[in-house]
Structures are given as structure tokens and as C-alpha cells.
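Enquirer: My questions concern the predicted model and sequence given below.
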Amino acid sequence: EPQAEVLHWWTSGGEAKSVAVLQQEFADNGGTWTDMPVAGGGGDAAMTALRARVLSGNAPTAVQLKGPAIQEWYEEGVLADISGVAEAEGWGDLLPEALAEHMKCEGTWCAAPVNVHRVDWIWANADLLEQNGIEMPTTWDEFNAAAEKLQAAGVIPLAHGGQSWQDATVFETVVLGLGGPEFFRSALIDLDPEALGSDTMVQVFDQMRTMRGFVDDNFSGRDWNLATAMVMNGEAAFQIMGDWAKGEFIAAGKVPGEDFLCGSTPGDGFLYNVDSFAMFTVEGEDKIAGQDLLAKLIMGPNFQEVFNLNKGSIPARTDVALDDFDMCAQKSSEDMTASADSGALLPSYAHGMALRGAQAGAITDVVTAHFNSDMSSEDAVKMLTDAVANSM
Amino acid sequence: MAPILEISKLRKSYGSTEILKDINVSIDKGDFLVLVGPSGCGKSTLLNCIAGLEPITGGSILIDGQDMTHVSPKDRNIAMVFQSYALYPTMSVAKNITFGMKVRGVDQATQDRKLREVAQQLQIEAYLNRRPGQLSGGQRQRVAMGRALVRDPKLFLFDEPLSNLDAKLRVEMRSEIKKLHHRLGASIVYVTHDQIEAMTLATKIVVMKGGVIQQIGTPQEIYNRPANLFVADFMGSPAMNLIPARVRGTQVEIDRPGAAPILLSDPKVAGLPENVILGLRPEDIAEAGYRAGSDVQQAACQIDLVEPAGADTYVVSTLGGKAVTARLHTETRAAPGESLDLAFDLGKVSYFEPDSGRRLN
Amino acid sequence: MAPILEISKLRKSYGSTEILKDINVSIDKGDFLVLVGPSGCGKSTLLNCIAGLEPITGGSILIDGQDMTHVSPKDRNIAMVFQSYALYPTMSVAKNITFGMKVRGVDQATQDRKLREVAQQLQIEAYLNRRPGQLSGGQRQRVAMGRALVRDPKLFLFDEPLSNLDAKLRVEMRSEIKKLHHRLGASIVYVTHDQIEAMTLATKIVVMKGGVIQQIGTPQEIYNRPANLFVADFMGSPAMNLIPARVRGTQVEIDRPGAAPILLSDPKVAGLPENVILGLRPEDIAEAGYRAGSDVQQAACQIDLVEPAGADTYVVSTLGGKAVTARLHTETRAAPGESLDLAFDLGKVSYFEPDSGRRLN
Amino acid sequence: MTDLAASATPAARPRRGAGRIALRWGLYLLLCLFALYYLLPLFVMVTTSLKSLDEIRSGSLVALPRDITFEAWRTAWSGACTGIQCEGLRPYFWNSVLLAVPAVLISTVVGALNGYVVAQWRFRGANIIFSLMLFGCFIPFQVVLLPMARLLGLMGIAGTIPGLIFVHVIYGIGFTTLFFRNYYVTIPSELVKAAKVDGAGFFRIFFAIFMPLSLPILVVSVIWQFTQIWNDFLFGVSFSSAGTQPVTVALNNIVNSTTGVKAYNVDMAAAIIAALPTLLVYIVAGKYFIRGLTAGSVKG
Amino acid sequence: MTKWFETHLPKMVLAPSFIAVLIFVYGFIAWTAWVSFTRSKLLPRYDLDGVIQYERLFASPRWDTAMNNLFLFGALFIGIAMVLGLALAILLDQRIRIEGAIRTIYLYPMALSMIVTGTAWKWILNPGLGIEATVRGWGFESFTFDWLVNPDFAIYTIVLAAIWQSSGFVMALFLAGLRSVDGEIIKAAQVDGIPTWRIYSAIIIPSMAPIFLSAFIVLSHLAIKSFDLVIALTGGGPGYATDLPATYMYAMAFSRGDIGQAASSAMIMMLVVFAIVVPYLYSELRAKND
Ligand SMILES: Nc1ncnc2c1ncn2[C@@H]1O[C@H](COP(=O)(O)OP(=O)(O)OP(=O)(O)O)[C@@H](O)[C@H]1O
Ligand SMILES: Nc1ncnc2c1ncn2[C@@H]1O[C@H](COP(=O)(O)OP(=O)(O)OP(=O)(O)O)[C@@H](O)[C@H]1O
Ligand SMILES: [Mg+2]
Ligand SMILES: [Mg+2]
């Protein structure tokens, strides 16, 4: 009988409901599911628990993991190989190339993807834009102009929460928008010192400084969903946030296109954030059976659809019909396909898809330090190159 | 001049047990009041009340004419030596002694001088840097004394301050206290169990029993004219002989075994009730021929016991059914079982009522 | 039979100060050893060492023939009364007293019986349910006594157990202790400052000074034949007169003011060095005519001071440059400034070497 | 005993007269001001837990609830979802109890014994050992997580409640030892001496003499340990597995939902529920702060 | 045999704790020291690689901030909490009628996990929601209290909340100490004419020196390990303005998978503790030894 103890940090609202779907399917297939949710800190707490359990020789069967962390854990020699399932199910064909790479460790499959979040979204309050005669901006200059107009009208232009990962989210969209996909790749994926120290990067920080002016003074420590609520309630006009923000709008009964607008942040490209499950090496037939079953179910079309409907993201596998999804999701899916072809489908650094923790953290430290002080852009760039070099 | 300390109708209870009952005492400036009484009779409690350390249940305490009921201990301007010493455990001996002065802002030079003075008086110079925990019992007691002696308060309260000192030191300390009293004209309330201390130091003695004052008077009054049986019995060592006797006109009749009752004539007994207790101190009963005077009368007594005690010899005889002790010189020829003529000094005699214990003459 | 307690070459230091120096004492079963000495001389420390409460620095302690160095206090089978009482603050008086028995597994009935007995002896029946904090000083001390008296140990150690009791109670307690000693044949080491206690209780007295034993002997030996000037001076109250004198053959010459030196003849002085200190107790100097005997010699002395003290009168004269006290009967006609014939009982005299203080005869 | 308590206070005498009264009132005023400072967050939490979500969004933070609802409390206790289970705090609550009670008892007893040894049965090196134990208080818990996990795995108690108890006891005894040692050094050594002569041994003296004297510090130690253990999150999340998670982990799960509408009222109610046992311990234990136990034991 | 047992009983009682401390504290410190010289990432590795981690640590501006914060926060927090705790204990010691209630009120913040009280504090300190908004609501339009969002002042909000949480416990500790002082000694001081405050400052407090040691250790422990508090109140922000070594270390070890770096920061933390606590400990235990 398949057994699975699942460590994850999807504890609330839609996420929990989606996990429940998975659990139900697991049970229907004769498995026993033990839930081990650890919320908080964007998975930090769960990672803490994970480390302790791996070291004590008591690893959970499946763990929510993503990005290069999967490969890092693999290098520690504690991940199980699920190539058997993957190949049987033909995952290679179902996933976009870029995504599939994230699920593989030295050629073998070691994780199962759940969804694709797009990070470079800009959300807007439709009424406010209309009242002030503003279109969704397509360049950062347009954005700045619109923001100034809104500010003059007494509206907070940008809803933002003062957590470093939110600063990083805005930062990476600006990098993508001002520098383009190539620059993004060399700066935030390859960590090319030249790109990091370039003038473009100075401009990026200038834009960050400008945007700091569009944020109200109470942003510090604000949760992202509170910022979303500000847009919803008409206190603020825009928010730059991944498509999980849509879940908030929907949950509040807002309709995309009518109450709120979604658009990609200025510039080309698509920043993705893929959630996935990794399987850890465990003892016992029933657990291994559980891992296989779980992997299969996660990539199953039913789960992919139901889960992503709840979560606001789009399915990882490309063959799921998107009829039930809203317009934002459909746009996201189209953009993904287009970007994948143009090579502009990029992993989000802010959400741990592009870089290992140490490097991503080093960049974030600089970004948030700059955003929360009156540091000059030149100093920030200098700091950035130093920090990245130091984090190697 | 108002008395320095005036206690009236003082009552003090712990819970439902009344410890002090209707205490009335007053002392004038320069008085040396000694409190005596059996263990547990409330002496320390009375001092605590005077110091303001225990809330009083009733009555009033006036110091220097001022009602002290709502005055806190620190404002009463008294110095006290505690029976339990109560030294500050973290301070050195020197600091224990000078701390009070320091707090009052006495300048350093004066502090040093006083400390030296007192340390010398008390013979504790060698220990000034020790902590109380490193001292012997007697040394601690002297430090406790020192703490009081450096002060110049309205009133000193001493609670058995010499009990842990050896005889020699005690004599020396006694004379230090006496000097202090004379030099400063200090007013002192002093608790002691030592009769000699009481007799030699006091200008006034208060005898207490069970929270009630039995007698107040000068040492001579207390010793020579005890107000009741309790005081008569309590003060003096060996104690006063208390002999049941019958009054026959102006004569007193005392039973003795194996012979007719002794008849002593004393004009003072005229008018006293028939049954009395006759009190006479051992030193007022001498061997016939060794004591002269108009009031001295003799009678032959059967000697039960002869106790040589260094400087004196005590002999015990049974009179009025009680063992009666007489203090004789060392060369006495008294021998147990024989009869001896004893001389009773009736000038010193006290009469008490057997039931109430009240003094009759 | 081995002595019950044998202390040899005992040394004890706190840090670098040596408190006890080469102590050698032994007592037999049934002995009553009284330790006396000035405050701070190391008496309590010695008791603590015997009890095993302080590690010793050198030497050995044997109880009942067994070396105690590595035996813990609880296995030494001793009972001790602490100078500072050390009552258990959270336990009632009754529990304080029975704790030791309970620990040793004495059955409840015996505990109750002993508790009742002791409480009665000590007159503390009324307080059995109180906490120590609710007792007077004397009551606490009696509880501390009680804690020892219920036990039946090899050895009792008492550290000034009666210092806070009134004279009456002290006499009673003294006799209780004496009874205990006789009844049980108990072996006792007893520290006291009270000379009478020492003299009446002891079978053996140890006089200490500064951590060194000065003399060990029976009370009579200590009193009559002090081993050195310190003991002579320390024991007895008022103290022994120590009069500088010169030996002239078989005569002793003592200076007196305004007259030729007194010459007393004493065959004992033959062979003594020229300068000696002559020791004579006040009671051995009497008014001429009041003391007879072959060794009594008279001399006229100038009287400086007359102090009537109840039962006696003390007169002070200057002899050999020192104030010398004589104890006279109360009817003496001595008056300050006049000359009086005093009788010196040379049978009781002690001679000391002025420098070393050593006894010479 | 209350009598003693009153009489030994420095300000024991009733003070009257205008100045005294003013002083007294000033004292009470000061105490109440501080009480306000301490109560403010609790006030916010309690009122929030009694409001509906709508009211929270619209109203002021410090306003009293318009209509009181206990819905949030019910949800927090038995309805709130963490992950896929919607059982509230209830099951985890018992895990915490099973964990905290033995851990507090063991660490307190061990600490009391250690403190007793170090304070009253000095042997050579005792102070060094004590210092080493003290310094152990400072080891950052993050440091111990990984090696501890390994050792727990080796000992076979990883992911179990006994394992958690073990961890808490190990890192608690430094503090309990500290508390007791520092309290016991102020107790006169004459008491130990007297008891030794009375024939009592090591444990007897401890239980009969020291334990009754220890009430105030026992209270402090229990309060500290109970709070630390009950509120611990890091060990709880690291060394538990599904089914043995303590209440703080559940609370964290309820509070830290990364998506969805934040139910502040439930969060607050959950927090208060999670803190109730600790509060209870404080109230009950607080009674045992009694004064003056050593009065009258020793002269000087 | 039994004799041996008895004389060594105290040591035997202490032994298990001592061994546990040796293994679980000093063993682990040694382990950490070792790991700090490696390039451990997600999980510890054991091949030594020089002092690279320390170089990285000292090159990190964030670590600088964290250490500066630690000293500022530690000094303020320990200082104020001690003084306040002692003051409250003394005030409460004045025969207060409602002592029980007030004591519990002062103490309760300890009971609440910072995970949530942090939220309440966040609200109260938030300029748009809490005190500032309320006071402005009363008509004082220019009132500002925006420490929480001001990078230069945010650390003081941490101090404020930390004191709020811990001073009650310090009070309890001191109260226990105050209540172990012998009443006779206080009486003696009163009669000696010592004013109440001097009785406290010169007699009672010195005799509580060991209790101060306890309080100091507890507070330093809290200061050094303050973690929940920062996470809940500011999340280390704005920026990383309120980072402390403990949060830095946690971030390195568990969010960033940089265990080598975390180990080196832990070692520095412990060195700091060592430098501060050991001299204090030495003087404190020394004084008791005479
Ligand atoms: N812990 C200690 N450290 C240093 N010296 C000490 C310590 N305890 C006692 N002493 C010293 O040792 C000497 C002897 O003390 P001990 O208590 O034995 O005297 P004692 O003869 O009992 O005196 P008393 O009659 O006054 O009680 C004293 O001078 C005392 O100051
Ligand atoms: N806190 C208390 N509660 C109840 N009774 C007490 C308390 N303190 C003292 N007593 C009782 O009050 C009585 C008087 O005590 P106090 O200390 O005044 O006696 P004392 O005359 O000084 O005796 P001693 O000569 O023994 O020192 C005693 O019987 C004692 O038991
Ligand atoms: Mg008394
Ligand atoms: Mg002594």
C-alpha cells in the first residue's frame, strides 16, 4: 500500500484546497497520505525541518522544492530517482524544455512540477485607471508618467510590501524591462560581472529609486496580499506581483478585465516560478510505491488543472485545456509559449528559480538595502558586484 | 522637660495572641532603662514597637514629645542593637559600622575617626575588613554594637547586646556603655538577662512578665522592695527566700521541722492578714554573730545542706515548708544535719500576699 | 577504654589565617568538657571541626577510637547546638526537634514521647506549632537545645546554648543539662562564657586563647592553680589580683604607696626568680580579723575605693602599682582614703613569671 | 505567613499624612501606567479576536468590537485549516502538553539538584562546571539543529515526543541550574550544617530543607522553562514529524498563510489560545511568591 | 563503598548534566567550528577549506549591520530591561494590594509567542494604523511615530517590543530575590536611619548579586538569540536594517543553504558572548568565593 508523508508549505486557502485534491486522488488510488505542513517564511521553516529530518535519517517521502535547490539536494545525495515514472508518463514531451531542465538532475528525473507562475505581472485597479485616464503602461517611462499623474490625484501609485523578496520581485521585472532578456540572463542567471556592473544596471537602480517614490510610507513589513488588497480597495493603483495575486482578487469576487486589469510588466520576456515536488530517498516498499504514485498524480492532467485553477497559475504540462481558466491565465500561457520560442522564457531569480540561495540572497540584500535607504545607484551597483563575488 | 520616651497604653498582638498588654513607661533624657523578664515575655517586641518595626495594636508611643505612630523607623532617630545582630551580610565590618553615617552625609574624616574610636572600644580593629560571615559570634555582636555606638541618636535600644561575650569582655563593654551613657547623657533602653548588668547599668528597671509590667523602679527599689512575688523571685541570684509565715499581732510565726515554730517580732506586720509570704534574701540571713543591728533576730535552724561556693558558703534549711538558703562566710562551722543559729535581718524583709502575690509592706 | 573523643595536633586555617594551632585534647566517656576563652579564640571553630562541618587542615580527630577524617557529619553520631541556632526556617518547632529522629527512622511513638519530654524540660510546649521566625530569641535557643536533647548520640556539642536565657531559666536549664549528663552518662563538649556555668558543669575545663590551649584541668585546678597569667586573669569574676612583687629569700615584697613595701613571708617562694607576679583572688583578701588560718598574713593598706555590691563590699587598694580588689563583708568600716588592715591568705597564692606568664609554684 | 510577609517589607508601616498618601497614589498610578504598556498589545489582540473580519478591515485598531463574536475562537480551536486538515489547534495542543509538562518537570528538578550541589556542596571544580553550563545557555539554537538531528537519529528518537523532551531538557538545565544555584547561595550554610549533624544526607537535606525554601525560585524556573518550551518553534518544527508537532507549529501554520485572505481574528484567537496554558501557569505559580522564608533562621 | 558513594554523591548528581553539556554544547560548538572552515552548502560537509567563510562574513555589509544592531540592541535591551525589571519588582514589593494581578499583567507578555504578538505590535507601531494614526485622529496632525518604517529607527521598535516581552520576567526574577532577603536586616537598616531607596541600593540589591547574574544571563541570552521577535516584527527590514546575527545566521543556514557561512557567523556570535560574559562571570563567581 503506497505511503506518503508530504512536507509542504501550502497551508492556506486555495493552496490547501488544491493539496486536498491531490490527497483525495492519492487515497482513491489506495495510498495513505500523511500531511506535514510547515508554513511560514516562504518555506524557510519547512526547509529547516527538512534539513533536520534528512540528517536524522528520517526524511519525508515528498517535499515541496523548487529551482536549483532540487539540484543542490541531489548533490547531497539524498534525492530519489523517479525517471521510471517520468519516462512511462512521457514527461519529456509534456513539459517545455526550460521547465523540464529544472526537474532533472544529471540527466535523471528527480522532481515533478506542479504549476507555472508568471512573476512579471502588473496588476491594476480598473476604476482608478479609468478615472485618471490611464492605459496599462507598456514601458517604464509610461509607468512613471502614469504614476506621477496618479500621485498628483492623491492616489498611491504603487502598492508594495516591504519584504525583501517583494523588492527583489520588482527589481527583476525592472531588469527584464530595461535590459531585455539577454541582459537579464547574463546579469541574473550567469552573474556576469560586466553585466552586473554595467550602466544598464545603474539605470535599473535609478528606476528602483523612482519607484520607491511611488510607494506609500507604511509599506515596511506589509504582506504582499495586503498590498493586493490596497489595489482591490482603490487605495492604490498598481501592484507588481506574481499571478498568485490574482487569487486574492478572485477570492474577493473581483472579475479580471472589469474590476482589475492584468498585464505583463513593461518589456519582453516571461519570468516563471515553478513549484514542484522532489522525492527523497526513503526505506520501504510502501513508501517508494507512494513516491511513484505521487509523482504520477502530480503530473496528472486532473490535478494540474484543478490545482492551478485554485492557485492562479497555469499548468506545467502544456496539454491541459485552458477553457476554464481566466483571461490572465490564458494570456500567461500564450506568452509562455511565445517566449519559449524566442528564448525569453526565463527563471525568476526573486523566487529562487535562477540562482542558488547564497547568490540570490546576496543580490536581494543589495536590492533591499538600496530600496530602503538613500544609497546612490552607483554605490548599489558597486555593492552588487562585490556581494555577488563574495557569495561564490 | 518632656520625657524622651513616653509609652502609654501600648498593646501589641500577633494575630489573636496579645504579646504586650497595656504598657505604660516613660523615661527622661539621660535615663538608662533596663528591661528584664523571662524569655518570651515581650522585651524584644517592645523594643521593636519603640523602633517602629512592628505596627502597634493600640496605645501610643511618644519620642521627645512627638507621637510616633505614623513616623517611619528611619525618622525616629534611634539606634538599635538587635538580638539577632542583623548585620548587612554583603558589607565589610567597617562599612557595616559607617554606612549609617555615610547615608546621613557625615564627612569622611569624621566617619574614619568614629570608626577608629568605636573599633578600639569594641576591640574589633583586626576584623574591619572582614564580612560578617567570617566572624565569630561574639565578634558579630560587637559589630552590631558598633553600628549603634557611632550614632548620636535621641534614644538607644539595646537588645541583649553582650550575651555572647566572655565575662572579661562583658565587663569591659559594660563599662564602655556606662561611659557612653555618662559622657553623652544618652537615653537608653536596654534588654538584658544578666542581673549584674541590670543592677549596675540601670537608672530604672522595668520587670516584665507575659507582656505585663510588674514593677518599675530603681535597681535598689526593685532589689530591696520587689512589688510582688514574681519580681522578688525573678531578681537576684540566688533568688530571694519566700517563706510562708503567719502573722500573730506584731509577731511572725514560721514553721520549722522538728521544733516549735520560730517567732520573730516585727512591728511592721501589725495589720497584715494572717497568712503572708515572708521574703528575705540569702545575704540577709547570716550565721548568728556575724550580723549585728537592731532588726537582726536569731533562731536555731536545722541545716539540710552546706554548699561551699568559692567566696561564700550557702546553707539550706527548711522553713515554712520551703528550702531556705542563707549565705554564710566561708569559715562557717555549719554541717548538714546539725542545728545552727541563723540571724534574720528583719529590716530587709518583704511581706507578700500569698494569693495575689502583692507586696504588703 | 579508649577516650570517646581524642583530638591530636589539630590545625585549622581559613585561607592563610591559622585559627586553631596544635590542639590536643581527649575526653573519656561521661566527661563534661567546657571550652572557655575570649571571643574569637576559635571555640566554635573547634566544635565545627569535631562535628566534621569544617575540613581540618592538619592533625586528627578520633571519636570512640575511630578516625573521623573521612567520616561525614551525619555518621559521626553527634548532636550539636549551634551558636547561631540554625533552625530550619520552614519547619515548625515540633518538626525542627523531631527532624533528626525522623531522619534516623525513630518510630512515631518514640518521637512523640521524646518531643513531649524535651518540650517540657525546655518549657516550649506552647510554641510547638510555631515557625522559628515567630519565636523570641530565648525561645529559639531552647528549640535549638531541644533538637540536640532528643537525640542519644555519642557526643553532644553545645555552643553557648544558654546565652539568651534569663537567669532563672538558665539555672533551670543548667540543671537539666547536668541531669542529662548524669542520667545518660553523656559525653559533652560545651562552650560557654558564663563562669558559673563552666565551674558548675565541667568535669574538665579547657581554656583557649588565640587558637592555642592554655590549660586543661578540673574547675578547681583552673580556678586555684591557673597555669599562666592569661588563665589567672581570664577565669573568675572579679578577676584575680595580679600584683608585681619581689622575692627576697622566703619573703615577698610588695610596694604600697606612701609607706614601706609590705613584706609577706612565704616559704614557697624560695628559689623563685626575683621579680614575680603574685596572684591572689579578691575573696582571699579579707578584712583583718575576718579570716583565720596559718597562711593568713596581715598588712595595712591604703583604701582607694569602696564599692558596696549587695551581698559584699569590694574595696580597692593600690599594691605593687596595681589596683587590687578585696572582697569584704558588708559591715566593713573601710572608707576611701583611710588605711585598713587586710588579711592575705598566702595558702591560696599563685606566682607567675612576669614575662612568659608561666606559673612558678 | 502573610503576617510575616507584611511586616518585613521596608515600607511596612502604614503611612498616612498628605505626603504619604500622594506617594502611595503616585505609586499606584505608576504601576497602572506600566500595566497599560503591558496590556496594550493584549487589548488589541483580544478585541481583534472578537471582531468579525469586516469590522477589522473597516474599523480602527484600538476600537472596541461593535458586536462580539466568538466565531474566531471556535475556528481557531477546532476549525482552522493548516494544510489539508481543518482541526484547529486542538490536536497539537495536546502534543504540546505531553511535551512541555515532563520537560519542565525534569529540567526543573535536575536544575534544582545541580544548583544545590554547586551552591552548597562545593567541591573542587564545581565553579568551573557551573560556568561551563552557564556558557551553554548561549549556544545559538540554530547551531545545534543539524548535529542534534543527527544524534537524535542515532538514538532512534528523531521525530518523537521523547526526542523533543530530551532536547528541551538538555538546553533547559543550563538556565534552571543558574536560577537555583544563584538562589541557593543566599541561603546560610549553617542550615546544611545543622541538618548534617541531625543525620540527614544529601537528598534528605535537599527535600526537607531546601525545597520548602525554594518556592519563589521554583516559580521563576517553572515559568521560564514552561514558556520556553511551550513557545518553542525551532525545535518543534525541526524535531517533530507529522503527528507530533507542537502547538506553536500549528499556530505558525495558521498565522503564516502565504495566500488567501488573512483571518486576523482567527490568528489572534489562536495565539491567545496557544498562550492560555502559559498564562495559567503564571497565574497559579505567581501565588507562590512568598516573602521572608528565611527570617529567623540565623543570627548575623 | 557506601562511604565513597556518599562523598561523591554531589559529583554524581552533577555528572549527567555535565556530560550532556559537554556533548550537546561543547561538542556542537566544536562541530560548528569545524564546519565554519568548510564550504558546506545545503548540508554540512567536512573537508576543510581555510578561512574563506570568515573572509566572506567580514566582507558582508549585512553582517556589519547585524553586529552593529546586536550591540545597540543588546546594550539598550539588557540595560533597560534590567532597570525596569528591578524598578517594577521594587515597586511591587511595597505591599501592593493587587500585587497578584499586576504581577501577572507584567509577566504575561512572556506567555505569548512573538509569532503573533509581533503582528499586534506591527499594527500598533504602524504609522498608518496604530499609535500615529490614533493620535492624529485625536487632532494632533503633526504627530509622527514612524520608527517601524524608518531604517534608522526600526531597531528601536525591536528594543521596545523586546523589553515589553521580557521585562516582566526579569521583574519576577528580582521579586524572587527580594523576597529571599532576611527581614531582620531590613529592619536594622531602617532603624539605622537609612532611607528606603538606600536600603534597596546598598543592602538588598548587593545581597542579590547572584540574582543579577541570572537576570543578566537570561537577558543576554535573549538578546543574542532574538529571532522570532525580529522575524515577526520587521522581518529584518526595512531592507536589512534590523537584522541581528541570529537572523543572519538563520537566513544563511536555512533560506540560503550556506551552512558554512552560518557556522562562521555562529562562531563569531559565540566569541562575542565569550568576550562579554566570561569577564562578568569571572568577577561574579570570584566575589562569591571569599
Ligand atoms: N569563614 C571565616 N573566614 C575567616 N575567618 C573566620 C571565618 N570564620 C571565623 N573566622 C575567624 O576565626 C576566629 C575563631 O572564630 P570562632 O567562631 O571559632 O570564635 P569563637 O571562639 O566561637 O568566638 P565567640 O565566642 O565570639 O563565638 C575568629 O577570629 C573569626 O574571626
Ligand atoms: N511573629 C510572631 N508571631 C507570633 N508570635 C510571636 C512572633 N514574634 C514573637 N512572638 C511571640 O511573642 C512573645 C514575645 O517575644 P519577644 O521576642 O518580645 O520575647 P523576648 O522577651 O525578647 O524574649 P527573649 O528574652 O527570649 O528574647 C514570645 O512568646 C514569642 O513567641
Ligand atoms: Mg528577645
Ligand atoms: Mg563562637
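Expert: Arrived safely. Ligands and ions are numbered 1, 2, ... in the order given.
Enquirer: Can you identify each of the helices in the stretch 101-250 of chain A by residue range?
Expert: A:126-131, A:140-152, A:164-184, A:193-196, A:199-212, A:224-232, A:244-251 (DSSP state H, counting those that start in this stretch).
Enquirer: Redo these as CSV? Include distance to chain C.
Expert: For glycine as for every other residue, the C-beta is placed from the backbone atoms N, C-alpha and C. CSV is the format used below for the helices of the stretch 101-250 of chain A (distance: least, Cβ to the nearest Cβ, whole Å):
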stretch, distance to chain C
helix A:126-131, 73
helix A:140-152, 72
helix A:164-184, 57
helix A:193-196, 68
helix A:199-212, 66
helix A:224-232, 57
helix A:244-251, 63
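Enquirer: By mean pLDDT, show me the worst of the ones you listed.
Expert: When mean pLDDT is averaged over each of these, helix A:244-251 scores lowest at a mean of 80.
Enquirer: what angle do that helix and helix A:224-232 make?
Expert: On the basis of axes from the mean of the first three to the mean of the last three Cα atoms, to 10 degrees, helix A:244-251 is oriented at 60 degrees to helix A:224-232.
Enquirer: Verify the contact between B:Phe352 and B:Leu242 for me.
Expert: Yes - in this structure, B:Phe352 is within contact of B:Leu242 by Cβ atoms under 8 Å, at 7.3 Å.
Enquirer: for the helices of the stretch 101-250 of chain A, which one sits closest to chain E?
Expert: Chain E lies closest to helix A:164-184 among these, at 6.7 Å (Cβ to the nearest Cβ).
Enquirer: who does that closest one touch, helix- and strand-wise?
Expert: Judged by 3 or more Cβ pairs under 8 Å, 6 or more residues apart in numbering or on different chains; DSSP states H and E, the packing partners of helix A:164-184 are helix A:140-152, helix A:199-212, strand A:236-240, strand A:270-279, strand A:345-347, helix A:357-371.
Enquirer: Turn the ones you listed into a markdown table, including distance to E:Gly118 and mean neighbour count.
Expert: Supplementary listing: these in a markdown table, determined by distance: least, Cβ to Cβ, whole Å; neighbours: other Cβ atoms under 10 Å in any protein chain shown:
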| stretch | distance to E:Gly118 | mean neighbour count |
| --- | --- | --- |
| helix A:140-152 | 31 | 17 |
| helix A:199-212 | 25 | 19 |
| strand A:236-240 | 24 | 27 |
| strand A:270-279 | 27 | 26 |
| strand A:345-347 | 32 | 24 |
| helix A:357-371 | 19 | 25 |
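Enquirer: Just put these in CSV and tack on distance to chain B.
Expert: Listed next are these as CSV, based on distance: least, Cβ to the nearest Cβ, whole Å:
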stretch, distance to chain B
helix A:140-152, 66
helix A:199-212, 58
strand A:236-240, 63
strand A:270-279, 63
strand A:345-347, 67
helix A:357-371, 50
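Enquirer: Ligand 4: which of these is closest?
Expert: helix A:357-371 (69.4 Å; Cβ to the ion).
Enquirer: check whether that closest one contacts chain E.
Expert: Yes - contact of helix A:357-371 with chain E (Cβ under 8 Å from any Cβ of the partner chain) involves A:Gly357, A:Ala358, A:Ala360, A:Gly361, A:Asp365, A:Thr368, A:Ala369, A:His370, A:Phe371.
Enquirer: isn't E:Ala189 right up against E:Ser201?
Expert: No - contact criterion Cβ under 8 Å: E:Ala189 and E:Ser201 do not qualify, at 11.0 Å.
Enquirer: which of these two has more neighbours?
Expert: E:Ala189 (27 against 13; other Cβ atoms under 10 Å in any protein chain shown).
Enquirer: what about the more buried one, which helix or strand?
Expert: helix E:183-191 (DSSP states H and E).
Enquirer: average pLDDT for the helix or strand following that helix?
Expert: Per DSSP H and E, helix E:183-191 leads on to helix E:196-198 as the next helix or strand towards the C-terminus. In this model, helix E:196-198 has an average pLDDT of 84.
Enquirer: and helix E:196-198, does that touch chain D?
Expert: Yes - judged by Cβ under 8 Å from any Cβ, helix E:196-198 and chain D are in contact via E:Thr196.
Enquirer: Give me the contacts around the longest strand seen in chain B.
Expert: Longest strand in chain B, counting residues (DSSP state E): strand B:296-309. The contact list for strand B:296-309 (Cβ atoms under 8 Å, 6 or more residues apart in numbering or on different chains) reads B:256-259, B:262, B:264-265, B:288, B:313-319, B:323-324, B:330, B:332, B:334-347.
Enquirer: Mind checking which of those are buried?
Expert: B:256, B:262, B:264, B:313-319, B:324, B:332, B:334, B:340, B:342-346 (16 or more other Cβ atoms under 10 Å in any protein chain shown).
Enquirer: Counting only helices, which of these make the cut?
Expert: Among the buried ones among the contacts of strand B:296-309, DSSP state H puts none in helices.
Enquirer: Check those residues one by one and keep those near chain A.
Expert: With the criterion set as Cβ under 8 Å from any Cβ, no member of the buried ones among the contacts of strand B:296-309 is near chain A.
Enquirer: Which members of those residues occur in strands, if any?
Expert: B:256, B:262, B:264, B:313-319, B:324, B:340, B:342-345.
Enquirer: Max pairwise distance over these: which two?
Expert: Using Cβ to Cβ, these reach their maximum pairwise distance at B:Leu264 and B:Thr313, which is 23.4 Å.
Enquirer: What's the separation between B:Val143 and B:Ala79?
Expert: From B:Val143 over to B:Ala79 the distance is 14 Å, taken as Cβ to Cβ, to the nearest Å.
Enquirer: ok, those two, which is more surrounded?
Expert: The residue with more neighbours, out of B:Val143 and B:Ala79, is B:Val143; 28 against 25, by other Cβ under 10 Å.
Enquirer: is it true that the more buried one lies in a helix?
Expert: Yes - membership of B:Val143 in a helix is supported by DSSP: H, G, I helix; E, B strand; the rest coil.
Enquirer: Could you double-check that it lies in contact with B:Arg131?
Expert: No - under the criterion of Cβ under 8 Å, B:Val143 makes no contact with B:Arg131, lying 10.4 Å away.
Enquirer: Does residue 20 belong to a helix, a strand or coil?
Expert: Going with chain A. Three-state call for A:Ala20 (three-state DSSP): helix.
Enquirer: switch to chain B, that's the one I care about
Expert: Applying three-state DSSP: B:Leu20 is strand.
Enquirer: what's near enough to touch the nearest residue to it once chain neighbours are set aside?
Expert: Spatial nearest neighbour of B:Leu20, excluding adjacent residues (Cβ to Cβ, 6 or more residues apart in numbering or on different chains): B:Lys12 at 4.0 Å. Shown in contact with B:Lys12 (Cβ under 8 Å, 6+ apart): B:Glu18, B:Ile19, B:Leu20, B:Gly42, B:Thr45, B:Leu46, B:Cys49, B:Glu54, B:Ile56, B:Thr57, B:Gly58, B:Gly211.
Enquirer: and if we set it to 7 Å?
Expert: Residues in contact with B:Lys12 (Cβ atoms under 7 Å, 6 or more residues apart in numbering or on different chains) are B:Ile19, B:Leu20, B:Thr45, B:Cys49, B:Glu54, B:Ile56, B:Thr57.
Enquirer: can you tell me the helix or strand for the fourth one?
Expert: In this assignment (DSSP H and E), B:Cys49 forms part of helix B:43-51.
Enquirer: Show me what whichever helix or strand comes after that helix is packed against.
Expert: Later in the chain than helix B:43-51, the nearest helix or strand by DSSP H and E is strand B:58-63. If you count contacts as 3 or more Cβ pairs under 7 Å, 6 or more residues apart in numbering or on different chains; DSSP states H and E, strand B:58-63 packs onto strand B:5-14.
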